[in-house]
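> Sharing a sequence plus its predicted fold:
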Amino acid sequence: MYPESLNNLIESFKYLPSVGEKTAERFAFSILDLDDDQVALFKESLDAVRTKVHTCSKCNVLTEDELCSICSDEKRDNHVLCVVEDVRSVFLFEKIGMFKGRYHVLNGLISPLDGVNPEDIGIDKLLDRIHQDHFDEIIFAFKPSIEGETTALYIKKILDGLNIKITKLANGVPIGADMEYIDSLTLERALSDRKEVS
């Protein structure tokens, strides 16, 4: 019932997570209310994020440069590495502003039931970095789940014998919760009360 271009825009918005028919329609009609400069900025931003944003060659955080701003920051603590399952977790920790060490982003978590094995999540790159940069502590900041525990224990087993303290977030993070939905106070307490992985 809509003109083809408007219908295509509605369908495009439905590619976004949690956007159904009604929300997509509302977004599309909102675009019609924008002025030319706002529409131009919207188009440029979409193009730029697809062409300029990529992962940091060292830690896998999103950046427009070879190294992200965290890896380039010489004031960060080079002795502590926080390992996360996705890039959104890094931004959560950075918003809190409590952690001043380094990060490494995996490509998810080990999940044999879903066919996700250690080689699928980039553990080799993580291990190379750990051996090269000589961290004193590795923090596993995975969501509390079977997959998170499996990944943590797998990496810990590989690192056994190295003189590295291995910790994980405290249990203030509820089981099965996605990291992006955890409030900053809970996340801050979980980070400060982290426990050694045993």
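Arrived safely.

> Now do the contacts for Phe27.
Residues in contact with Phe27 (CB atoms under 8 Å, 6 or more residues apart in numbering) are Ile10, Phe13, Val19. C-beta: built from backbone N, CA, C; applies to glycine.

> Residue for residue, what is the longest helix this protein has?
helix 36-51 (DSSP state H).

> after that helix, next one along is what?
strand 54-55 (DSSP states H and E).

> other SSEs contacting the next helix or strand after that next one?
The helix or strand immediately downstream of strand 54-55 is strand 62-63, counting by DSSP H and E. The helices and strands touching strand 62-63, judged by 3 or more CB pairs under 8 Å, 6 or more residues apart in numbering; DSSP states H and E, are strand 54-55.

> Spit out the contact partners of the residue nearest the centre of the chain.
When CA atoms, centre = their mean is applied to the chain, the residue found nearest the centroid is Val87 (1.9 Å). By CB under 8 Å, 6+ apart, the contact set of Val87 is Thr55, Asn60, Val61, Leu62, Val105.

> Same check on Arg194?
Here Arg194 is in contact with Ile139, Thr167, Lys168, Leu169, Ala170 (CB under 8 Å, 6+ apart).

> Out of the residues you listed, give me the one that has the most neighbours.
Most neighbours among the contacts of Arg194, by other CB atoms under 10 Å: Leu169, with 26 neighbours.

> Name the nearest residue to that residue, sequence neighbours excluded.
Here the nearest residue to Leu169 in space, its sequence neighbours aside, is Ala190; by CB to CB, 6 or more residues apart in numbering that works out to 4.1 Å.

> thinking again about what came up before, so which of the contacts of Phe27 is the closest to Val39?
Proximity of those to Val39 was ranked by CB to CB; the top entry is Phe13 with 14.6 Å.

> and the longest helix of the chain, which residues are buried?
By 16 or more other CB atoms under 10 Å, helix 36-51 has no buried positions at all.

> got it, and stretch 111-120?
Ser111, Val116, Pro118.

> do the same with stretch 99-108
Phe99, Gly101, Arg102, Tyr103, His104, Val105, Leu106, Gly108.

> Save those as JSON lines, and put in pLDDT, secondary structure and distance to Cys71 too.
Formatted as JSON lines, the buried residues of stretch 99-108 follow (pLDDT from 0 to 100; DSSP: H, G, I helix; E, B strand; the rest coil; distance: CB to CB, whole Å):
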{"residue": "Phe99", "pLDDT": "92", "secondary structure": "coil", "distance to Cys71": "14"}
{"residue": "Gly101", "pLDDT": "96", "secondary structure": "coil", "distance to Cys71": "12"}
{"residue": "Arg102", "pLDDT": "97", "secondary structure": "strand", "distance to Cys71": "7"}
{"residue": "Tyr103", "pLDDT": "97", "secondary structure": "strand", "distance to Cys71": "8"}
{"residue": "His104", "pLDDT": "98", "secondary structure": "strand", "distance to Cys71": "10"}
{"residue": "Val105", "pLDDT": "97", "secondary structure": "strand", "distance to Cys71": "11"}
{"residue": "Leu106", "pLDDT": "97", "secondary structure": "coil", "distance to Cys71": "16"}
{"residue": "Gly108", "pLDDT": "94", "secondary structure": "coil", "distance to Cys71": "21"}
